[in-house]
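Enquirer: Below is the sequence, then the predicted model.
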Amino acid sequence: MYFSLNAHFASVTPNITVALGVVSLATAAIALLSYWRSFKKQSKKGFPGPPGIPILGNLLQINTNTFPLQLEQWSWEYGPIFKINMAGAEWIILSDPDVINQQLKERPNRYSHTTKLISVFQELRTHGLFSSEASDWKQSRQWIAPQFSPGKVARSKSMVIHHALLLRERLNEHAKKHQITYEKWFPKGDHVNSAVGKKHADRVFYNPKELSPVWSEFSDRAMAVIINYAFAHGKDELVPPDMINGIQKVLATINHRLMAPVPTWRFYSTASDRDANKAVKLVNEVIDDIAESIRKDKESGERKDEGHMNTLLESLLYEKVGKEDDVEDVELARSAEKASRLTLEQIKGNLIQVIIAGFDTTANMMNNILYAFACNPTVQARFHSEVDSILRDLAVSTSTSDLTEFFHQDPTVQFPYTYGVMRESMRLYPVAPLQMFESNEDTVLDGHFMPKGTITVHLYRPASLRSCPTGDPFEFKPERWIECTDEEKHVMAQDAFGFVCPRICPGRHLATLEIMFFLILSVSRFNVQLMPSPPSATPARERVQFTSMVEDMNIRLVARK
Ligand code: HEM
């Protein structure tokens, strides 16, 4: 019986299979056709946007490492408001400064960071100001922002100068290595002559991997500055050397998770997931130890002298800071008072986040400035001459105290051209070129309905270029920052640290001080040059992870006499 049934099926199955196959193919074809029609119809109405393919839309045209550049190219083609289709979800891409400003002002009620970004930080126990929203954000912002006021940052001058001098030493080592590489690649004199006539003469070499990259030096110094500022200054002995490396791993894991299409770490942990968790645990333990040590200092009355740079953690753990007649000090005291209502857990999450937000951005900015110098030798020469003429003998000084005494003024005022270089690099090579937001309610944009949950991407560079109030917006001209009016400066500067909105970067004064000292005291001692490269060389290009930077720069440092 069993057999006969099988046999019966065997005899009718081919006919049924063919019929079913034809029906399913026809159904699929009809479904695809109607999807394609509705897709075409959708593309016609509403905002313009690049054509995509059925079902996936523009998804396959997006490369996770270079997508800001891709979106920017489209923004020039399709205008300041356009849309892309990400596998059925419509994303709105903005480079209209007014619309961007309006949306930023409407945070956190109407727009917020994407749910994915928030969960990535929460799952790694690094949740804090940057990843929080609404009242959570307000509470953190109230005690963190005053801790980065210009006055408090100015007290860290000596510490930053110390790291700028260390950076100079490290860059000198790179310059020596670059010289060796240069002489190997382009040998002169006897070597070339002796190679003439040889059958397989190997006179010129090129392998960019041999050029020692300098980014890690900027990253190490920027990390050291922010860790010192946050909690480590004066307590260095409590910071294990592997902590810095660990924090870099945490950032790499955050990058990876933000880009990952599937949250695999929720199901199984890879070695890098485990490393990141270990690193977060270690930072937490270090902060615990330092907090305990501060508490003991406080009990034993060993509070540091006035003028001493209190770390962020120290300021928070002393209930009262500074003099009552100083507005900034009163703000700091209020900030400490607000923080005293938080648990150490909440403070720790924020400290880790401040480090993450502060080191990569600054290091990448330094990297991009070097590239700008290499591409603009005339700008570089003018920068050298400004630093040489103002610093004179101090240009080669290695004394932190002499230099701290010299820099009693704001370096952005003392060195206006160098400040212009920094701002111009931020304008043309921004490290935070875009941000993504999710709408928390149904909205209407330019007459178009956007349902709750729509993703909006802000493209800051084309927005800033579109609204540039000075001439030649695509050219690298630091002098525009000196020659412009205050109003023009305000328009040009608004994008780099997060437009003018309540969430403007609280670390901007520290980042500016750091970049200025790194440029004046370290980079000014070198000529940054593009290494000659063959036509087949990979061109320099911006790539984004958590933040963006120029890669494949192929530069060398030549120590100045
Ligand atoms: C060149 C260096 C830097 C650049 C270009 C930069 C840029 C930005 C931008 C564009 C935002 C706005 C994000 C938003 O709108 O949600 C931001 C926020 C933030 N930045 Fe920076 N930043 C830099 C350095 C720093 C430093 C040194 C610190 C450390 C103190 C820091 C800490 C933060 C924090 C905590 C936030 C979140 C603020 C909030 O959501 O209220 N940044 N930064």
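Expert: Yep, it's here.

Enquirer: Please make it C-alpha for all contacts and neighbour counts, starting now.
Expert: Will do.

Enquirer: Next, give phi and psi for Ser439.
Expert: phi -80, psi 140 (degrees, to the nearest 10).

Enquirer: Contact partners for it?
Expert: The contact partners of Ser439, taken as CA atoms under 8 Å, 6 or more residues apart in numbering, are Arg110, Tyr111, Ser112, Pro451, Lys452, Gly453, Thr454, Ile455, Thr456.

Enquirer: separation between it and Leu445?
Expert: Here Ser439 is placed at a distance of 11 Å from Leu445 (CA to CA, to the nearest Å).

Enquirer: Does Asn364 touch Met549 like I think?
Expert: Yes. Between Asn364 and Met549 there is a contact at 5.4 Å, judged by CA atoms under 8 Å.

Enquirer: Mind checking which of those two has more residues around it?
Expert: Under the criterion of other CA atoms under 10 Å, the comparison of Asn364 against Met549 puts Met549 first, with 28 against 24.

Enquirer: tell me what the host helix or strand of the more buried one is packed against?
Expert: Assigned by DSSP states H and E, Met549 falls within strand 548-551. Using 3 or more CA pairs under 8 Å, 6 or more residues apart in numbering; DSSP states H and E as the contact test, the elements touching strand 548-551 are helix 344-375, strand 541-544.

Enquirer: List the contacts of it.
Expert: 364-365, 367-368, 371, 429-433, 540-543.

Enquirer: Is that strand in proximity to the ligand?
Expert: No. Using CA under 6 Å from any ligand atom, strand 548-551 never reaches the ligand; the gap is at least 9.9 Å.

Enquirer: one step back: show me the contacts of Ser439 that map onto helices.
Expert: Within the contacts of Ser439, no residue falls in helices by DSSP state H.

Enquirer: Dump those into a markdown table; add pLDDT, neighbour count and distance to the ligand as well.
Expert: Below are the contacts of Ser439 laid out as a markdown table (pLDDT from 0 to 100; neighbours: other CA atoms under 10 Å; distance: CA to the nearest ligand atom, whole Å):
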| residue | pLDDT | neighbour count | distance to the ligand |
| --- | --- | --- | --- |
| Arg110 | 89 | 17 | 14 |
| Tyr111 | 90 | 23 | 11 |
| Ser112 | 90 | 23 | 9 |
| Pro451 | 91 | 13 | 22 |
| Lys452 | 93 | 14 | 19 |
| Gly453 | 92 | 18 | 18 |
| Thr454 | 94 | 20 | 17 |
| Ile455 | 94 | 21 | 15 |
| Thr456 | 96 | 22 | 13 |
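
Enquirer: number of nearby residues for the residue of the stretch 251-400 of the chain found nearest the ligand?
Expert: Closest contact between the stretch 251-400 of the chain and the ligand, by CA to the nearest ligand atom, is at Gly358 (3.3 Å). By other CA under 10 Å, 22 other residues sit near Gly358.

Enquirer: thinking again about what came up before, which one of the contacts of strand 548-551 is nearest to Arg141?
Expert: Set against Arg141, the nearest of those by CA to CA is Ala432 (20.0 Å).

Enquirer: what's the neighbour count on that closest one?
Expert: For Ala432, using other CA under 10 Å, the count is 23.

Enquirer: give me every residue that touches the nearest residue to it once chain neighbours are set aside.
Expert: Nearest in space to Ala432, with sequence neighbours left out and distances taken as CA to CA, 6 or more residues apart in numbering, is Thr547 at 5.5 Å. For Thr547, the contact set (CA under 8 Å, 6+ apart) comprises Asp360, Thr361, Asn364, Val431, Ala432, Pro433.

Enquirer: how about 10 Å then?
Expert: Asn255, Ala357, Asp360, Thr361, Asn364, Met365, Pro430, Val431, Ala432, Pro433, Leu434 (CA atoms under 10 Å, 6 or more residues apart in numbering).

Enquirer: Please apply the same query to Ala276.
Expert: For Ala276, the contact set (CA under 10 Å, 6+ apart) comprises Leu124, Gly246, Ile247, Gln248, Lys249, Val250, Leu251, Ala252, Thr253, Ile254, Thr270, Leu282.

Enquirer: Kindly indicate the member of those residues with the most neighbours.
Expert: The residue in the contacts of Ala276 with the most neighbours, by other CA under 10 Å, is Val250 (25 neighbours).

Enquirer: what about it, distance to Pro68?
Expert: 23 Å.

Enquirer: hang on, the earlier thing: list buried residues within the contacts of Thr547.
Expert: Neighbour-count burial (16 or more other CA atoms under 10 Å) applied to these gives Asn255, Ala357, Asp360, Thr361, Asn364, Met365, Pro430, Val431, Ala432, Pro433, Leu434.

Enquirer: what element comes up after the strand holding Met549 heading to the C-terminus?
Expert: Strand 548-551 is succeeded, C-terminally, by strand 555-559 (DSSP H and E).

Enquirer: how about the helices in the stretch 451-561 of the chain?
Expert: 460-466, 480-483, 486-493, 508-517 (DSSP state H, counting those that start in this stretch).

Enquirer: Return the list of helices and strands in contact with the longest one.
Expert: Judged by 3 or more CA pairs under 10 Å, 6 or more residues apart in numbering; DSSP states H and E, the packing partners of helix 508-517 are helix 150-154, helix 157-185, helix 215-227, helix 344-375, helix 411-414, helix 416-428.

Enquirer: Quick one: closest of these to Phe383.
Expert: So among the helices and strands packed on helix 508-517, helix 416-428 is nearest, using CA to CA, at 6.0 Å.

Enquirer: between that closest one and helix 508-517, what angle do the directions make?
Expert: In terms of direction (axes from the mean of the first three to the mean of the last three CA atoms, to 10 degrees), helix 416-428 departs from helix 508-517 by 120 degrees.

Enquirer: Use 372 as the first number for this chain going forward.
Expert: OK, 372 is where the count begins now, so the last one is helix 787-799.
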